[in-house]
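Visitor: Mind folding the following:
(2 chains)
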Amino acid sequence: MAEGRVVGIDLGTTNSLVAYMEGDKPVVIPGVDGSNLVPSVVALDPIPDPIPTDGYRPTVTVGNSARKALIQTPERVIYSVKRLMGRGLEEIQEELKLFPFHLAGDTEVGEVPRIQLGELRFTPPEISAYILRQLKRNAERFFSAPVTQAVITVPAYFNDAQRQATKDAGRMAGLEVLRLVNEPTAAALAYGLDRAKSGTIAVYDLGGGTFDISILKLRDGIFEVQSTNGDTHLGGDDIDNLLLAIALDEIHAEHGVDLRQHPGAVQAVRKAAIEVKVKLSTEPMARFDIELPNGDHYQREIPREVFEMLIEPVLKRTVGPCKQALADAGITPEQIDEVVLVGGSTRIPAVRKLVDELFHLTARGKRPHTELNPDEVVALGAAVQANILAGSSKSTEEMLLLDVTPLSLGIEALGRTVARIIQRNSTIPASATEHFTTGVDGQTNVAIHVVQGERELAADCRSLARFDLKGIPPMSAGLPRIEVKFLIDADGILHVSAREQRSGTAAQIEVKPTYGLTDEQVESMILESFDHAEEDFARRLLIEARNEAETILAAVERAPLNPAWNQLTSDEKSAIKLASVYLKKVKQSDNAAAIREATLILDHATRRFAELMMEAAVSSALRGKTMNTAGEELAEAVTAPHAMAPAEFK
Amino acid sequence: MLKVIDSAVPVACWSCSIGHNDSTLFCPHCSKIQPPPGGDYFSVFSLEPKLNLDLSALEHEFHRLSRKLHPDRFARAEENEKQWSLADTALLNDAYRTLKDPIRRTEYLLKLLGAEIGVEHSGKDRIDPSRVPADLLEEVFELNMQLEEMRAARESGVEDPALHVSLEQAKRKFDVLLEAVDEDLHAEWKEWDEGDRATRGAAQKKLVALLDRRRYLSNLVRDVNEVLGAGA
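Guide: Have a look, this model is predicted:
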């Protein structure tokens, strides 16, 4: 395909993934460490000692290695940045109390907040751009070809500003975002692919930081969303915070240690809290066992019943949106044919019980769909949508997604009330045309305030933008007739255009988004990231190929020290030696493909050695790996060799 | 005001330059997508303006056109085709949303005919005494007093079960009235659809009055539901 592949990206609160269509099946593209999930964590590497004098700029890492830094250098790490996307300064103050990172001191009201990360400052879209670029690289490494177009998923209940911020992040990462797809809808696409179903389905998506419910009607490949609802501030993070608070309070009370003063320690407890949460999905009991700085141990058993009582208020908050979505779709729970569960938090038995009760599933002899991995299903659906957009595949040519806008669009009217111009759950693209006039003779400007939300007063809705219609020809009050067209596109993003009808002149609009970056700002952030990190693609492939070659060569160097070496036949040993000499030679060239091939030959030659080593290592979990992967997991001395995608070592 | 499909103005196709009438979404000669056509919502679906519609046929046509027009089909097309796909699909969606809903459809047709239609009111002016249908005056005032009492009781935390019961009764009563209005609307649809110039005028007046009454009643029911639902 001349235009290259379109990938599907799930840019999640906790983890992010990239997927593509392999034939007629969507698959997740693993990172260099073999893991499908890239933790949505971004870190600045520690400042080198001594600091280089010539234009030093710290390296940014993403994923598992960044997550590891959370405990050692929490002030240089940022996670869950999705919760800050497209939000204003005053909106995130409360939120930030829960995070170890802070706002840059000089952030002003009305600006996009910037996060202080070590000695640098980043807006949330810039942080997301780092995550996206990592995914882009993983895909490029996988295809050995550039990837420039993507579909990115967003929570269905994301507002205009949050969507725009996500698109900006894509642009900064060097990706043309062909479409933003709502996460629950993407999940439905992933499920709907292999069966030509008709019926009504509900997608219950409880992720790390957001909750969505969408109700869709399926018919002959058309996925028509009937209604959607949700809470962009509800998810697994809230459950972690409850457990975290218990542990921190008890440690303070019982051991006299106030860990809240130590961000790194808080992160260690958070990690333990997440482990407790995960374990309680399968076990009736889990325990905290944390060593405190003073040598004491904090030990605490959490039975599942206690956990369920604790999280009940959080889970109950999903009920209202579900009922509203059903009401908006004009149906009863009994009319839902299928329920799909999405998001890691739907592994919690109490969540499944709640869903069962909400949609009367057991009572009707039904079970929710959980066949696809709830962490991956959104990315898989994004890959399906990417394939639909690429328009080149038989398997998706009959499929079409018709999504809706989650929130009503309105303009501030007299008395600060809201005049709704596009109702929530309208199929997008959707448009509305309104007419405005002047109130004073000779007036040449009209100000319009656009809001999003369901409340009756403009102040209670989310302010989207203020438009100034300028250049209206001077006329008597009430005489100009300015037609303003509001259009919500297929990404759920608003566009406005205006025309003065009597004079026929197009009124000039100055759009001032209430939250969000201007085009110029986004542009400058793209350049900045290119200046510092983006390299010529061919050069990067070469560097990556050399790094991989070095990793395996280093492992082969050490191989004779391993007892397993002596179990090899002399033929096998000489094959390994030959392949490694060949690789060393090819590595000097600038031919990335040849280096890759030589690496694979050596990897193949060491397969039996890897198996023997694994048997020796008693680790049944590692069976079937080759030297390249087994070496990474077994050899303690190997350090992360990969400049682009540092691997996670166990 | 009302446009008849056949009289649409001829325009030249941007791609093949052959003329065609401006109510079409695709060029009949070269099949390329066209800028948004000038007709009304009915003409988007090649329908005559009528109040009784076959909804399943409408849905079928909506899906068929969506498959051809949707921006997903133009993700890698030229910029002008992308823009038209967006504008055409917005028009298609707006048209479908309006026509599939019986009340919106009626309001839309009446507006096309030039009738003054009340707008959906929100906020304090929801219950405007001057708009109360005369035959309901007494009941509406009583209901409003009960609603106020109920809200006050909620705020002070004391519930009066008797009040609850009488609100439930009122709600049932207004629900029945609403159903009656819908039946009357259907009857007038038929009058309008099958009528000639003279009888349509009369039907149109009745439709406007019925819509006003319906809007009024449904706002009342919504208020009662809100008050009853808040305590659940």
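
Visitor: Who does the one residue in the stretch 201-350 of chain A that gets nearest to chain B form a beta bridge with?
Guide: Here the stretch 201-350 of chain A gets closest to chain B at one residue, residue A:222, 5.2 Å apart by CB to the nearest CB. For every residue, glycine as well, the C-beta is placed using N, CA and C. Legend: beta-bridge partners of residue A:222 under DSSP bridges are residue A:219, residue A:400.

Visitor: list the contacts for it?
Guide: Residue A:222 sits next to A:399, A:400, A:402, B:63, B:66, B:67 when contact means CB atoms under 8 Å, 6 or more residues apart in numbering or on different chains.

Visitor: Low-confidence ranges, the chain, go.
Guide: Here I'm looking at chain A. By pLDDT under 70, the low-scoring segments of chain A are A:1-3, A:48-57, A:193-196, A:506-514, A:526-540, A:617-650.

Visitor: wrong chain, I was asking about chain B
Guide: For chain B, applying pLDDT under 70 flags the ranges B:1-9, B:116-133, B:229-232.

Visitor: Most neighbours of all the contacts of residue A:222, which one?
Guide: Of all the contacts of residue A:222, residue A:402 has the most neighbours under the rule other CB atoms under 10 Å in any protein chain shown, reaching 23 neighbours.

Visitor: That one reaches residue A:223, doesn't it?
Guide: Yes - counting by CB atoms under 8 Å, residue A:223 is a contact partner of residue A:402 at 6.7 Å.

Visitor: And the contacts of residue A:222, which is closest to residue A:566?
Guide: For those, the minimum distance to residue A:566 (CB to CB) is 56.9 Å, reached by residue A:399.

Visitor: now that closest one: how far from residue A:393?
Guide: Applying CB to CB, to the nearest Å, the value for residue A:399 to residue A:393 is 10 Å.

Visitor: and what of residue B:80?
Guide: Counting by CB to CB, the gap from residue B:80 to residue A:393 is 26 Å.

Visitor: What is the burial count for residue B:158?
Guide: Neighbour count of residue B:158, defined by other CB under 10 Å: 8.

Visitor: List phi and psi for the most far-flung residue of chain B relative to its centre.
Guide: In terms of distance from the mean C-alpha position of chain B, residue B:158 ranks first, at 40.0 Å (CA atoms, centre = their mean). Main-chain dihedrals, residue B:158, degrees, to the nearest 10: phi -110, psi 130.

Visitor: With residue A:8 instead?
Guide: Backbone torsions of residue A:8, given as degrees, to the nearest 10, read phi -110, psi 130.

Visitor: Now do the contacts for the residue lying closest to residue A:455 once chain neighbours are set aside.
Guide: In space, and not counting its chain neighbours, residue A:455 is closest to residue A:461: 5.2 Å by CB to CB, 6 or more residues apart in numbering or on different chains. Listed by CB under 8 Å, 6+ apart, the contact set of residue A:461 reads A:410, A:418, A:451, A:452, A:453, A:454, A:455.

Visitor: Cross-check the third one against the secondary structure; I expect a strand.
Guide: Read it as residue A:451. Yes - looking at residue A:451 with DSSP: H, G, I helix; E, B strand; the rest coil, it is inside a strand.

Visitor: ok, now how distant is it from residue A:212?
Guide: Residue A:451 is 21 Å from residue A:212, by CB to CB.

Visitor: who are the neighbours in contact with residue B:37?
Guide: Contacts of residue B:37 by CB under 8 Å, 6+ apart are B:8, B:22, B:23, B:24, B:25, B:43, B:44, B:91.

Visitor: That one is in what secondary structure piece?
Guide: Using DSSP states H and E, residue B:37 falls within no helix or strand.

Visitor: ok so, going back, okay, residue A:451 and residue A:212: which has more neighbours?
Guide: Each of residue A:451 and residue A:212 has its neighbours counted (other CB under 10 Å); residue A:212 has more, 32 against 24.

Visitor: What does that one show for phi and psi?
Guide: Backbone torsions of residue A:212, given as degrees, to the nearest 10, read phi -130, psi 150.

Visitor: quick one: contacts for it?
Guide: Residue A:212 touches A:155, A:156, A:157, A:182, A:183, A:184, A:203, A:205, A:228, A:229, A:230, counting by CB under 8 Å, 6+ apart.
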